[in-house]
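Novice: Got a sequence here, can you model it:
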Amino acid sequence: MTRKQAIQSIIFIAGFLYLLMTVTYIIRTNGDVKDRFTGFYAEKDHTIDVVMVGSSPVYPYYAAPMMWGRYGFRAYPISTNLQRPVAAVGLLEEVRKTQAPSLYVFEMRMYTAREMDLTNNMAYTRGVTDNMKYSWNRIKTINDMVDDVSERHTYYFDIFKYHSNWKTMVLPEQLACFRYEKMDDQKGYVMTDEVGPCEAVDTSGITEKLPMPEFQEECLERLLDYLEENELQALFILSPTVMEEEKQKMYNYMEDIINGRGYEFLNMNDYYDEMGLDFAADFSDYGGHVNAVGAEKCSTFLGRYLVEHYGIEDKRGEKGSESWDAAYLQWQEEFAQAKQTIARRIAEEDFADAPVEEPE
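Specialist: Down below sits the predicted model:
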């Protein structure tokens, strides 16, 4: 092969791979998770102050636009449904390519789950890997999350999964994702006006400890090592939920590990009164996740906590914050409507369908 032919071959391969990548980005199934990740990639470099990592308790609990409007910091959720703890380091690596947040917040609910329950459905893995841009870090994350080497190629080239979505290429909102960058109006937050009443369970008096699942403990130790090695500030939280005695013992166990490494564990289930949380009205699915009113209370509590304990600066009024100002205005309008709907649903006892249980 001549030098000219070699160059032509390289150009052809590079062009083919670029086209493959672009088409894949467009036809990946649209929805909240895709919007959240393309929204993150679309944010201007080095503008995010707080990154929140974790499973489904993150994006409906903490309204990033509200925390901006009231406290002046930009928080963004890197959150997927049933996000496996093994993904945490890969997601941090991805965040740090374009952002340098002063604080990382990790939601810990999934750290009590058995790994066998999190690997029986590929969606729990693909929620992360199929929403990352193509890169060497994405390959490493796939390798961490997919044990079956023979299956990894379907994750490396996820067009194998989404090829049947080719008709969606004509949709403007899908075409806008050709670089996997498309601003999310609500900065990753998802509001719901559903109501699923439940009762609070007080486990604050439980002091016994029960080891967490072994693999999740390994993931936590790896995450803590990464944070220490890179001198990153972090807070570990547990969002309000209907508590269970066995899981409380596991949280006590992981709190000791986290505290022993110099980080803080904030169990927000110890602060129902301070938040004014009403389990009969503020949850959307009978204790698993909060609705818009519950999110406003959780966001207020956590936003104030971060400002008071981690010195997060108020950046309202800074040049370049127009999209965040617009997000806050939109949140205010949608929250007012959701609040009215929630009140009506409670009055009419128009409650949500029973939720699908997450793995134990």
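Novice: got the residue ranges for the helices in the stretch 1-150 of the chain?
Specialist: Assigned by DSSP state H, counting those that start in this stretch, the helices in the stretch 1-150 of the chain fall at 3-27, 32-42, 58-61, 64-71, 88-95, 115-118, 123-129, 136-145.
Novice: Which secondary structure state is assigned to the nearest residue to residue 280 once chain neighbours are set aside?
Specialist: Spatial nearest neighbour of residue 280, chain neighbours left out: residue 197 (4.5 Å); criterion: Cβ to Cβ, 6 or more residues apart in numbering. Using the backbone N, CA and C atoms, a C-beta is placed for each residue, glycine as well. For residue 197, the assignment made with DSSP: H, G, I helix; E, B strand; the rest coil gives coil.
Novice: Can you name the residues that contact residue 197?
Specialist: By Cβ atoms under 8 Å, 6 or more residues apart in numbering, the contact set of residue 197 is 279, 280, 281, 283, 286, 346, 351.
Novice: Where strands are concerned, which of those residues count?
Specialist: Among the contacts of residue 197, the subset assigned to strands under DSSP state E is empty.
Novice: Which among the residues you listed count as buried?
Specialist: The neighbour count (16 or more other Cβ atoms under 10 Å) marks 279, 281, 283, 286, 346 as buried among these.
Novice: looking at it, the third one is touching residue 195, isn't it?
Specialist: Yes. In terms of Cβ atoms under 8 Å, residue 283 counts as a neighbour of residue 195; the distance is 7.4 Å.
Novice: what's the overlap in contacts for these two?
Specialist: residue 291.
Novice: Okay, now the unreliable bits of this structure?
Specialist: For the chain, the stretches flagged by pLDDT under 70 are 1, 4-9, 12-18, 20, 163, 166-167, 170, 355-360.
Novice: tell me the centre residue of it?
Specialist: The centre of the chain sits closest to residue 79, judged by Cα atoms, centre = their mean, with a distance of 1.3 Å.
Novice: mind checking the SS state of residue 319?
Specialist: Residue 319 ends up coil, using three-state DSSP.
Novice: and it, how many neighbours?
Specialist: 5 (other Cβ atoms under 10 Å).
Novice: cool, residue 353 as well?
Specialist: Residue 353, neighbours per other Cβ under 10 Å, totals 9.
Novice: My reading is that it is in a strand; is that accurate?
Specialist: No. Counting by three-state DSSP, residue 353 is not found in a strand; it is coil.
Novice: Please enumerate the helices of the stretch 251-360 of the chain.
Specialist: Assigned by DSSP H, counting those that start in this stretch, the helices in the stretch 251-360 of the chain fall at 272-275, 292-310, 322-348.
Novice: Tell me which of the ones you listed sits most buried.
Specialist: Most buried of these, by mean neighbour count (mean count of other Cβ atoms under 10 Å): helix 292-310, with a mean of 20.
Novice: Quick one: distance of that one to the chain centre.
Specialist: Here helix 292-310 is found 16 Å from its chain centre; the criterion is Cα atoms, centre = their mean, to the nearest Å.
Novice: Likewise for stretch 284-301?
Specialist: 15 Å.
Novice: got it, and stretch 185-192?
Specialist: Centroid separation for stretch 185-192 versus its chain: 11 Å, with Cα atoms, centre = their mean.
Novice: Which residues are in contact with residue 122?
Specialist: Residue 122 touches nothing, counting by Cβ under 8 Å, 6+ apart.
Novice: ok, the nearest residue to residue 261 once chain neighbours are set aside - contacts?
Specialist: Spatial nearest neighbour of residue 261, chain neighbours left out: residue 224 (4.7 Å); criterion: Cβ to Cβ, 6+ apart. Under the criterion of Cβ under 8 Å, 6+ apart, the contact list for residue 224 reads 257, 258, 261, 263.
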